[in-house]
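Q: pasted the sequence and its predicted model underneath.
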Amino acid sequence: MTAELSHWLNAARCLPDEARRGTLVGRAWVPGRPGGPAVVAVRDDRVVDLTSRDTPTLSELFNTEDPLGEVRGRIGYAPVVGSLADVLANSAADRWDEATPRLLSPSDLQAIKASGVTFVASLLERVIEEQAAGDAGRAESIRAAIHDAIGTSLASVRPGSDEAMRLKQELTRRGVWSQYLEVGIGPDAEIFTKCQPMSSVGTGAEIGVLESSSWNNPEPEVVLAVSGGGDVVGATLGNDVNLRDIEGRSALLLGKAKDNNASCSMGPFVRLFDEDYGLDDVHACEVALTVEGVDGYRLTGHSSMREISRTPRELVNQAIGPHHRYPDGLMLFLGTMFAPVEDRDEAGQGFTHHMGDLVEISTPALGSLVNRVNRCGDVAPWTFASGALMRNLAARGLL
């Protein structure tokens, strides 16, 4: 059986490598009269409170002219919320106590958007889901047929290029073109709304899958923090949980497959871009995934961001610009190449979550995001939304 969730939540595991730690900001629930969410940062082995009337939310901090300079100028004298060790440990869902500080998702008023089918491996799996119509038992035979028809030649195809359009014509002729191939190698990326502002959960929280889903998996991703002006100010880790059976039945069920109670996690902190860490480092990173079940099952995998078909900057440009504004900024999931296919239960059924699975997503420059899997209807309900945040900030004299 896996250890208690709190045992996975320590600085050595959750924070970036010591030499690459950088400037880490996020959100925490800070008790008081009244208590409420605070904008926080990591200072040595403590979590400190950066909340002010100028930056009452993380969205407002990211929208300042110089978020990094703003944090660096205030972090030295910011009041202490608690020790990093205690705040991390208290963030475990099995230890939540309103009287103790705990981490929240490092996002508040921002739109939460996601990029789909940005890696060849996940692109092919989406095609397989579509062909299988959500039936995991048919996936293996379809996978073999798809690989025979398409192979892995897509890896070198630049989306939207003349080569991609010629390939589309050939695959259409062979009867294997797909709406997923359209957004995978066509000119327009898939950018969708993952969940509503304020609804994502942080590290240590339970993450949810619908009770009606019997074929699902985690999606480990890097998430960019983008200001309302389109500037990429930092990055964090995310889990864009995927219900393969529901989306596979119809792409029109994407909203039902993606936006559910606790179906999105991010954290533990946003690492702000600085002289030592930026978008090129995101593009070069390796993202690791570990799943440990209460039955002793263990799955590991890695995603290389170098294999992404569109650069992170290209995806940001497709998400925000003159064509679409997000005044409060956005958090943009960059997509995953990880689509587990090994059998967990019956032969030919592939991987699916069991309740109680512990999911860890990690990369050295950003640390690790840890969550436990539960049913969407059984996890802590989402009750604190934008209206509650405004009332809370007003009661605390921050508006």
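A: Arrived safely. Residues are numbered from 1 along each chain as shown.
Q: can we go C-alpha only for contacts and neighbour counts from here?
A: Noted.
Q: against residue 5, how distant is residue 13?
A: Applying C-alpha to C-alpha, to the nearest Å, the value for residue 13 to residue 5 is 12 Å.
Q: which one's more surrounded, these two?
A: residue 5 (20 against 16; other C-alpha atoms under 10 Å).
Q: strand partners (parallel or antiparallel) of the host helix or strand of residue 370?
A: Taking DSSP states H and E as the criterion, residue 370 maps to strand 367-375. Sheet partners assigned to strand 367-375 using DSSP bridges are listed as strand 206-209 (parallel), strand 358-363 (antiparallel).
Q: turn the ones you listed into JSON lines, including mean neighbour count, distance to residue 260 and mean pLDDT.
A: Formatted as JSON lines, these follow (neighbours: other C-alpha atoms under 10 Å; distance: least, C-alpha to C-alpha, whole Å; pLDDT from 0 to 100):
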{"stretch": "strand 206-209", "mean neighbour count": "30", "distance to residue 260": "7", "mean pLDDT": "97"}
{"stretch": "strand 358-363", "mean neighbour count": "26", "distance to residue 260": "18", "mean pLDDT": "96"}
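Q: among these, which is nearest residue 98?
A: Of all these, strand 206-209 sits nearest to residue 98, with 16.4 Å by C-alpha to C-alpha.
Q: which residues does stretch 328-337 contact?
A: 59-60, 62-63, 107, 109-122, 219-230, 238, 240, 303-304, 308, 312, 315-316 (C-alpha atoms under 8 Å, 6 or more residues apart in numbering).
Q: first to last residue in that stretch, what's the distance?
A: End-to-end for stretch 328-337, by C-alpha to C-alpha: 29 Å.
Q: list the contacts of the nearest residue to residue 366 once chain neighbours are set aside.
A: Nearest in space to residue 366, with sequence neighbours left out and distances taken as C-alpha to C-alpha, 6 or more residues apart in numbering, is residue 16 at 4.8 Å. Shown in contact with residue 16 (C-alpha under 8 Å, 6+ apart): 363, 364, 365, 366, 367, 368.
Q: what does residue 197 give?
A: 107, 108, 109, 110, 111, 112, 385, 386.
Q: filter those to the buried ones?
A: 107, 108, 109, 110, 111, 112 (16 or more other C-alpha atoms under 10 Å).
Q: tell me the domain ranges of this protein?
A: The chain resolves into domains spanning 5-116+189-395, 120-185 when parsed by automatic domain parsing.
Q: on that earlier part again, need the pLDDT of the residue nearest to residue 366.
A: For residue 16, the pLDDT comes out at 93.
Q: helix or strand for it, just tell me which one.
A: Using DSSP H and E, no helix or strand contains residue 16.
Q: and residue 300, bridged to which residues?
A: Applying DSSP bridges, one finds that residue 300 bridges with residue 290.
Q: tell me who's in contact with it.
A: 288, 289, 290, 291.
Q: residue 196 now?
A: Contact analysis of residue 196 by C-alpha under 8 Å, 6+ apart lists 111, 112, 259.
Q: mind checking how far the spatially closest residue to residue 111 that is not a sequence neighbour is from residue 229?
A: Closest residue in space to residue 111, ignoring its immediate chain neighbours: residue 330 at 4.5 Å, by C-alpha to C-alpha, 6+ apart. From residue 330 across to residue 229, the span is 10 Å (C-alpha to C-alpha).
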